[in-house]
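In: how would this look folded up:
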Amino acid sequence: MAQTRRGCGCAFAVLVAVGILLALVVWKFFWPWVEERWTKRLPPPSGNALQVHVLNVGQGDAVLVIAPSGKTVLVDAGTPGSGKKILDAMRRYGVGEIDLMVATHAHADHIGGADEVIRAATVKNVLDSKVPNTTKNYQDFLLAIEEKGVTYIGAEPGRTFDLGDGAILSVLAPVPPFFTKDQLRSGGNEPNANSVVTRLDYGEFSMILTGDAEAQTELRLINNGANLTADVLKVGHHGSKYATSDELIRRGKFKAAIISASVDNRYGHPSQEVLDRLRAAGIQLYRTDLQGEISITTRGDDAYEIKTARQATEDMWAGRAAQRDDSSRSGFVAYGDFGPAPKPKKSPEQRSRGASGGR
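Out: Next up, the predicted model:
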């Protein structure tokens, strides 16, 4: 009898182990699929066009979203002086006002032109991480919000904005508590790590917009159960090596990725490491530095169209070298460290033509 009980005990232990193993397999491979479909609960798309325009603002970010209902979202506002480009884009696309401006974080390459837009156009609401920052650009941004009486909203995971006709913008990050300086990995900083990350859904179409979120931000999102599976990724931090981790790419299953950077930047954007990771995953790549403004149009079905302002004349999969290695905290390169990019040197022939009146 004792031998029989021991045999039953072993069999039971094996069944428990198999059950745990099956549960882990289901969790790893099927839960993201279930989560995506059960937690979305999206309204049906109207069938009218949703437009997403990744504007060419140089070494910065500015994304103009025009919902099928006509409601608009501006995610970031580029570098100081980019306000004119954004206002021009609004005129080109017939946008009279901004329903929601999202300031992903306080760096000047993301909110540099925000005060210009707020003062020159009607902006109804501003979404911000509210991570404190003392830079002049951020103070100008806050002052413009106060002067114009714009509704100022703190970003919280789970907050959603109904853009009408079935389009929804959801906040995924920052996930509290905020990252602090002592928690940052090599190369990180607080504004980037606490970037506002959003998800845009319209029917079968989806897009993740990451600001300058870093790999540790991505990991926190994954651990928090954020729905990161999407058609399009707006690549974090202009293609920095500190963002767009293998873990994010695996979870996201992205079909296309868009990088916003300038052709003459000295920050090493996009990095070869990130480009290699995207290429290995079979993701279609788009770059503002090589193709100019990038526009996405979808009617909410499983088809979407991506157009570029021009054809690339350089290798899309070739990264850029940084002027300085920023692999340590003390060496971290922040926007503005280098100042404006140097102007190209004239050849002897060009100098000769200039001296003779340009003939």
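In: how about low-confidence regions in this structure?
Out: Where the chain drops to pLDDT under 70, the residues are 1-40, 186-187, 324-359.
In: Just the helices from it, written as ranges.
Out: 2-29, 31-40, 83-92, 108-111, 114-120, 136-148, 190-193, 215-223, 246-252, 272-280, 288-291, 348-355 (DSSP state H).
In: so what secondary structure elements neighbour the fourth one?
Out: Contacts defined by 3 or more C-beta pairs under 8 Å, 6 or more residues apart in numbering; DSSP states H and E place helix 108-111 against helix 136-148. Every C-beta, even on glycine, is put in place using the N, C-alpha and C of the backbone.
In: What is the distance between the helix it packs on and the centre of its chain?
Out: Relative to the centre of its chain, helix 136-148 is centred 23 Å away, using C-alpha atoms, centre = their mean, to the nearest Å.
In: so what does that helix touch, helix or strand wise?
Out: helix 108-111, helix 114-120.
In: With M207 as the reference, measure out to the spatially closest residue to A226 that is not a sequence neighbour.
Out: Of all residues not flanking A226 in the chain, L172 sits nearest, at 4.7 Å (C-beta to C-beta, 6 or more residues apart in numbering). For L172, the distance to M207 equals 12 Å [C-beta to C-beta, to the nearest Å].
In: And G81, by the same measure?
Out: In this view, G81 and M207 are 27 Å apart by C-beta to C-beta.
In: Those two - which one has more neighbours?
Out: Counted by other C-beta atoms under 10 Å, G81 and M207 do not tie: M207 has more neighbours, with 25 against 13.
In: these two touch, right, the more buried one and R199?
Out: Yes - the criterion here is C-beta atoms under 8 Å, and M207 meets it with R199 at 7.3 Å.
In: what is in contact with these two at once?
Out: A230 (C-beta atoms under 8 Å, 6 or more residues apart in numbering).
In: quick check, distance from stretch 122-129 to the centre of its chain.
Out: For stretch 122-129, the distance to the chain centre is 17 Å (C-alpha atoms, centre = their mean).
In: Ok, stretch 248-255 next?
Out: 13 Å.
In: next one: stretch 67-78
Out: 14 Å.
In: circling back to that earlier point, quickly list what's touching both of L172 and M207.
Out: With C-beta under 8 Å, 6+ apart, L172 and M207 have common neighbours R199.
In: hang on, the earlier thing: out of the helices and strands packed on helix 136-148, the one nearest R41 is which?
Out: helix 108-111 (30.5 Å; C-beta to C-beta).
In: For the closest one, which outside residues touch it?
Out: With C-beta under 8 Å, 6+ apart, helix 108-111 has contacts from 59-61, 76-80, 103-105, 135, 137-138, 141, 211-212, 335-336.
In: run the last query once more with 7 Å
Out: 59-61, 76-77, 79-80, 103-104, 135, 137-138, 141, 211, 335-336 (C-beta atoms under 7 Å, 6 or more residues apart in numbering).
In: so V102 touches V197, yeah?
Out: No - look at V102 against V197 with C-beta atoms under 7 Å: they stay out of range, at 9.9 Å.
In: what touches both of these two?
Out: With C-beta under 7 Å, 6+ apart, V102 and V197 have no common neighbours.
In: Against D246, how distant is the residue nearest to Y304 when sequence neighbours are not counted?
Out: Spatially, and ignoring its direct neighbours in sequence, Y304 is nearest to T298 (3.8 Å; C-beta to C-beta, 6+ apart). The spacing between T298 and D246, counted by C-beta to C-beta, is 27 Å.
In: got it, and A312?
Out: For A312 relative to D246 (C-beta to C-beta), the value is 25 Å.
In: and what of R41?
Out: 30 Å.
In: Also E305?
Out: Taken as C-beta to C-beta, the span from E305 to D246 is 29 Å.
In: Also Q323?
Out: With C-beta to C-beta as the criterion, Q323 and D246 are 27 Å apart.
In: Then K148?
Out: In terms of C-beta to C-beta, K148 sits 43 Å off from D246.
In: Give me the more crowded residue out of the two.
Out: Legend: neighbour count by other C-beta under 10 Å for K148 and D246, higher for K148 (15 against 12).
In: wait, doesn't that one sit right on I118?
Out: Yes - applying C-beta under 7 Å as the test, K148 and I118 come out as touching, 5.5 Å apart.
In: ok, now which ones touch A312?
Out: Here A312 is in contact with L290, Q291 (C-beta under 7 Å, 6+ apart).
In: The closest residue to V131 other than its chain neighbours: what's it in contact with?
Out: Nearest non-adjacent residue to V131, counting by C-beta to C-beta, 6+ apart: N194, 4.8 Å away. N194 makes contact with H105, S129, V131, P174, F178, F179, according to C-beta under 7 Å, 6+ apart.
In: measure the third one to G158 for me?
Out: Pointing back at V131 there. Noted for V131: a distance of 18 Å to G158, by C-beta to C-beta.
In: For those two, work out which one has more neighbours and name it.
Out: Here V131 and G158 are compared on neighbour count by other C-beta under 10 Å; more neighbours surround V131, at 19 against 8.
In: dump the residue contacts of the more buried one.
Out: With C-beta under 7 Å, 6+ apart, V131 has these contacts: H105, A106, F178, E190, P191, N194.
In: From A120, how far out is it?
Out: 26 Å.
In: Then A167?
Out: The value you get for A167 to A120, if C-beta to C-beta is used, is 25 Å.
In: neighbour-wise, which of the two wins?
Out: More crowded of A167 and A120, by other C-beta under 10 Å: A167, with 28 against 15.
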